[in-house]
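Q: need a structure here:
(one chain, ligands or ions: 1)
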Amino acid sequence: MRMVFPKNFLWGGAIAANQAEGAYSEDGRGLVQTDVTTGGLVDSPRYTTYIDQDGKPGKVGGLGHHAKIPKGAKFAVLDTEYYPNHVAVDFYHRYKEDIKLFAEMGYSIFRLSISWARIFPNGDDEKPNQAGLDFYRSVFEECRKYNIEPLVSIWHFDTPLALEENYGGWTNRQLIDFYVNYCEVIFKEYKDLVKYWLTFNEINNTTMFLDMFGQKASDQDYQESYQILHHQFVASAKAVQLGHQINPDFMIGNMICGISFYPATPDPKDILANQHKWESGNYYCGDVQAKGKYGTYAKRLWQEHNVQLEVTDEDLEDLQKGRVDMYTFSYYMSNNVTTHTGGEQVAGNFSSGVKNPYLTYSDWGWAQDPDGLQYYLEKIYDRYELPLMVVENGLGAFDTVEEDGSIHDDYRIDYHREHIKAMRRAIANGVDLIAYTTWGCIDIVSAGTGEMRKRYGFIYVDMDDAGEGTLDRTPKDSFYWYQKVIASNGEELD
Ligand code: BG6
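A: Numbering: from 1, shown residues only. The predicted structure is shown next:
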């Protein structure tokens, strides 16, 4: 059977504002969490820094709202620390050069995010920041120049820090209005430049992190996280409705951190545990955003942690009316689920469960599993029957620059080749897959560890973990390989 990609399949790559742009305090931008987050390593966390009520500097390990600074403390940039996201890879000043390189690879789509704090530095400002609006207009126009469709994430883990400090972040219902107001501004501003939008990046991480590292998570942590998610669901649903009013052609999607879970043994208890893992990990958020209502198993999840969710009738109506037009997700790995103790555990950041003997693991402990992508695509398409996009997929790896400046990243090419074949098989099996944006078309700062050495890009950026480097860009072997893949619409993979 001949397996091919549809004629209008969109090929490209993806980045996120806080990991790529840098220029963290330029042109009126407000702070976000990564501006007060240090670098980490595969086995040591990133730290969030603060000044406590007595004026003493301190830091706490963890990411996003899971990094709890002491009561009365204020987030702060400390002179003693290095913050990799402050400069990142300087996309803010180099976007023209970068987009030109993406065009050379043959991109028809480029996923990036808008930094909320560039548009509303404090999140609750009365008027948007014109410099921020102008920056993204120029970026989108640059994409259009090369016939590249921008695919825009509205939130990529970067709530303005002022909203965290002054309102308690997404635990507070008021955040819904601030977010919707931000959406209204960018939808109106870019309605003729951007068609594809994603409301929240990897929205399911909020609760999935608790389950992954959650031996220590309390019922209160779950209460908070489920309420945060509920507020984000309503915000997303309102944004979908608003977006469709502003431009009925908009295609607005969710974005899920997609992990294929497998039972580690045929023990029926493992089969059930695995099913429940799909529910809590992947379906909980996917169902609300694609079906417009909570799944039947949701009550059990809340009860397990004594969660009392605050939900209004109006919220439920909004969820139903604000269903997404497409389902989009990141896919990096699969996980093994078991109720049995013992068995070799996976070690690495963001990876958990017992080791799968049939798979190999990256240097950061992430299982490499292209079949898992096919499995995910087929399962999810059957569940929602919405167009799908794989909006992140890639291999974080160490790269070596040869004396002549070349970078031979065969391991990355192999990784993508096998995942592209998996997508082809899923399409042949009836899946309506419309786009593939690889993670890190260009090297950027890792979200999980803050490292530069964990490289995903097809374009090398000369920058190290101490902030040393020219920031010069060099195409890797994978750049030329992907160019051929795109030119042949996924037929030439060698
Ligand atoms: C996803 C995020 O979790 O995975 C990205 O949406 C992130 O922001 C990517 O960079 C890869 O993770 P990491 O930790 O290797 O950067």
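Q: For whichever residue of the chain sits closest to the ligand, give me the pLDDT.
A: Residue nearest to the ligand within the chain: Gly448 (2.7 Å; C-beta to the nearest ligand atom). C-beta here means a position set from N, CA and C on the backbone, and glycine is covered the same way. Looking at Gly448, its pLDDT is 94.
Q: Wait, it touches Gly64, no?
A: No. In this structure, Gly448 is not within contact of Gly64 by C-beta atoms under 8 Å, at 11.1 Å.
Q: where in the stretch 251-400 of the chain is pLDDT low?
A: Scanning the stretch 251-400 of the chain for pLDDT under 70 picks out 347-351.
Q: The ligand contacts on that one?
A: Counting by C-beta under 6 Å from any ligand atom, the positions of the stretch 251-400 of the chain adjacent to the ligand are Cys257, Ser330, Glu392, Gly396.
Q: roughly how far is stretch 375-391 from the heart of the chain?
A: Computed by C-alpha atoms, centre = their mean, to the nearest Å, the chain-centroid distance of stretch 375-391 equals 17 Å.
Q: end-to-end on that stretch?
A: With C-alpha to C-alpha, to the nearest Å as the measure, the ends of stretch 375-391 fall 16 Å from one another.
Q: which residues are contacting the helix or strand Tyr482 falls within?
A: Applying DSSP states H and E as the criterion places Tyr482 in helix 477-487. With contact meaning C-beta atoms under 8 Å, 6 or more residues apart in numbering, helix 477-487 is reached by 11, 101, 104-108, 406-410, 412-413, 416, 420, 438, 458-459, 492-493.
Q: Just the strands from the stretch 351-494 of the chain, written as ranges.
A: 360-361, 367-368, 388-392, 433-439, 459-461, 473-475 (DSSP state E, counting those that start in this stretch).
Q: ok, Ile271 - contacts?
A: Here Ile271 is in contact with Pro263 (criterion: C-beta under 8 Å, 6+ apart).
Q: Tell me how far it lies from Asp432.
A: When C-beta to C-beta, to the nearest Å is applied, the distance between Ile271 and Asp432 equals 29 Å.
Q: cool, and Leu301?
A: In terms of C-beta to C-beta, Leu301 sits 29 Å off from Asp432.
Q: Repeat that for Tyr47.
A: Distance from Tyr47 to Asp432, by C-beta to C-beta: 43 Å.
Q: Among those two, which residue is more densely surrounded?
A: The neighbour comparison of Tyr47 against Asp432 (other C-beta atoms under 10 Å) goes to Tyr47, with 21 against 15.
Q: next one: phi and psi at the more buried one?
A: Main-chain dihedrals, Tyr47, degrees, to the nearest 10: phi -110, psi 140.
Q: before we move on, what about Ile119?
A: The phi/psi pair for Ile119 (degrees, to the nearest 10) is phi -90, psi -50.
Q: Three-state assignment for the residue lying closest to it once chain neighbours are set aside, please.
A: Of all residues not flanking Ile119 in the chain, Gly132 sits nearest, at 4.6 Å (C-beta to C-beta, 6 or more residues apart in numbering). Three-state assignment for Gly132 (DSSP: H, G, I helix; E, B strand; the rest coil): helix.
Q: How many residues are close by Gly132?
A: For Gly132, the number of neighbouring residues by other C-beta under 10 Å comes to 23.
Q: Check Lys291 too.
A: 17.
Q: residues contacting the closest residue to Thr34 other than its chain neighbours?
A: Leaving aside its chain neighbours, Thr34 sits nearest to Asn85 (4.1 Å; criterion: C-beta to C-beta, 6+ apart). Applying C-beta under 8 Å, 6+ apart, we find Asn85 in contact with Asn18, Gln19, Gly22, Tyr24, Thr34, Asp35, Thr37, Val445, Gly450.
Q: Please repeat the previous calculation with a cut-off of 6 Å.
A: Asn18, Thr34, Val445 (C-beta atoms under 6 Å, 6 or more residues apart in numbering).
Q: Which strand runs longest in this protein?
A: Counting by DSSP state E, the longest strand found in the chain is strand 327-337.
Q: same for that one, what does it pack against?
A: In terms of contacts (3 or more C-beta pairs under 6 Å, 6 or more residues apart in numbering; DSSP states H and E), strand 327-337 is packed against strand 256-263, helix 268-277, helix 370-384, strand 388-392.
Q: now it and strand 433-439, what's the angle there?
A: Put simply, strand 327-337 runs at 70 degrees to strand 433-439, going by axes from the mean of the first three to the mean of the last three C-alpha atoms, to 10 degrees.
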